[in-house]
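>>> Pasting the sequence and the predicted coordinates here, then a few questions.
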Amino acid sequence: MPKKFCENELIDAIDSKLIELTKEEIKMLIEKELSKEADQIDMDYIDLCYDVLEAKQAENAPQESKRVKLSARRSVRAIFIAAVIVIFSMSTLTASAFVFGIPDMIAQYIDGNAEVDYNLANASTAADGYALTDTDLAERLAEFGISPVTLPEEMVKSYCKLTKIESRTVYESWANIVFANFEYHGMYVDIRIEQFTKDFGIEAEITVADIVSAQMVKANGMDILVFEQENGWCSIIYKDGLTHYDIGLRCDFKTAIKFAKSIK
């Protein structure tokens with residue numbers, strides 16, 4: 001068995017070079033330790049790395065994120081421990097504890113956040129059709145100048161209630177922008193839709209903060225980006241022609257994936 005750290009040695013380590021490493025370097029140390037044989041993994045060392053990582057994140061945490069929504073923070077340590085359980089069950093390390101399942105030409109994982117090209121230039125951004133245009137929600141959006149729309153079918157079900165809808169449009173000759181809130185099985189959902197009148201060649205990036213995991217799914221001919229965030233929220237981002245969609249859900253990742261796959 002590897003040598004374990006005693007309390008004094010942990011304190012010495014925190015006071016030494018470990019604290020000088022970047023967050024990415026510390027994560028690499030954790031992954032390297034987890035790559036060992038199951039009975040050789042030093043969980044005290046992993047705990048130490050996690051404590052230093054947590055301290056760095058707290059020190060550098062911004063006052064406000066892109067979405068100002070607060071909840072209990074998901075423990076990264078729990079994810080690593082889950083990975084170790086998989087190692088014991090399968091007797092081999094088959095996957096990383098963290099999964100960013102989106103090609104880096106579409107979105108990149110940088111310093112804990114996802115950076116997404118606003119135009120999704122390298123993704124599929126043309127809907128196969130518009131199956132939900134005769135729904136009440138599509139008709140309400142058309143009243144604000146946004147049509148046609150391709151939406152999650154879950155949003156037009158009886159258990160998803162529209163609670164607020166408003167226009168955020170500044171110049172109608174340039175774009176129509178609508179923001180709406182919903183209650184979905186007791187959970188909060190919001191959606192922002194921006195529909196441009198033509199391609200203005202806008203170059204920008206969307207930052208989705210504090211990523212726990214990410215996955216790209218295919219729905220209605222489009223690439224749909226789904227992100228799970230540390231604050232208990234999930235984000236769904238996709239684009240159809242000149243229409244941009246950004247959905248926020250206070251739910252688990254499995255529910256967000258279900259939501260994304262229902263887009264029609």
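Perfect, thanks for sending it.
>>> mind listing what K258 touches?
K258 makes contacts with E154, as judged by C-beta atoms under 8 Å, 6 or more residues apart in numbering. (C-beta placed from N, C-alpha, C; glycine too.)
>>> State the three-state secondary structure for it.
helix (DSSP: H, G, I helix; E, B strand; the rest coil).
>>> Tell me the spacing between I237 and L48.
36 Å (C-beta to C-beta, to the nearest Å).
>>> So which of these two has more stuff around it?
I237 (24 against 21; other C-beta atoms under 10 Å).
>>> SS state for the more buried one?
I237 ends up strand, using three-state DSSP.
>>> partner residues bridging it?
L225, D246 (DSSP bridges).
>>> now do F179
Beta-bridge partners of F179, as defined by DSSP bridges: E166, R192.
>>> Okay, it and E143: tell me how far apart.
14 Å.
>>> who has more neighbours, those two?
More neighbours surround F179 than the other of F179 and E143, with 16 against 11 (other C-beta under 10 Å).
>>> I'd guessed the more buried one sits against D190; true?
Yes. Taking C-beta atoms under 8 Å as the definition, F179 is a contact partner of D190 at 7.0 Å.
>>> for the record, mean pLDDT for stretch 256-264?
Stretch 256-264 comes out with an average pLDDT of 96.
>>> can you check stretch 177-186 too?
On average, stretch 177-186 scores 93.
>>> Show me where the stretch 101-250 of the chain has its strands.
Using DSSP state E, counting those that start in this stretch, the strands of the stretch 101-250 of the chain run over 107-110, 113-117, 160-167, 175-184, 187-196, 205-208, 211-219, 222-229, 234-240, 243-249.
>>> I'd like the ones you listed as a markdown table, with distance to D136 appended.
Listed next are the strands of the stretch 101-250 of the chain as a markdown table, based on distance: least, C-beta to C-beta, whole Å:
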| stretch | distance to D136 |
| --- | --- |
| strand 107-110 | 33 |
| strand 113-117 | 30 |
| strand 160-167 | 8 |
| strand 175-184 | 12 |
| strand 187-196 | 15 |
| strand 205-208 | 29 |
| strand 211-219 | 21 |
| strand 222-229 | 23 |
| strand 234-240 | 20 |
| strand 243-249 | 18 |
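>>> Among those strands, which comes closest to M43?
Closest to M43 of those, according to C-beta to C-beta: strand 211-219, at 20.9 Å.
>>> so what does the closest one touch, helix or strand wise?
strand 100-101, strand 107-110, strand 113-117, strand 222-229, helix 253-261 (3 or more C-beta pairs under 8 Å, 6 or more residues apart in numbering; DSSP states H and E).
>>> same thing but at 6 Å, please
Here strand 211-219 touches strand 100-101, strand 222-229, helix 253-261, going by 3 or more C-beta pairs under 6 Å, 6 or more residues apart in numbering; DSSP states H and E.
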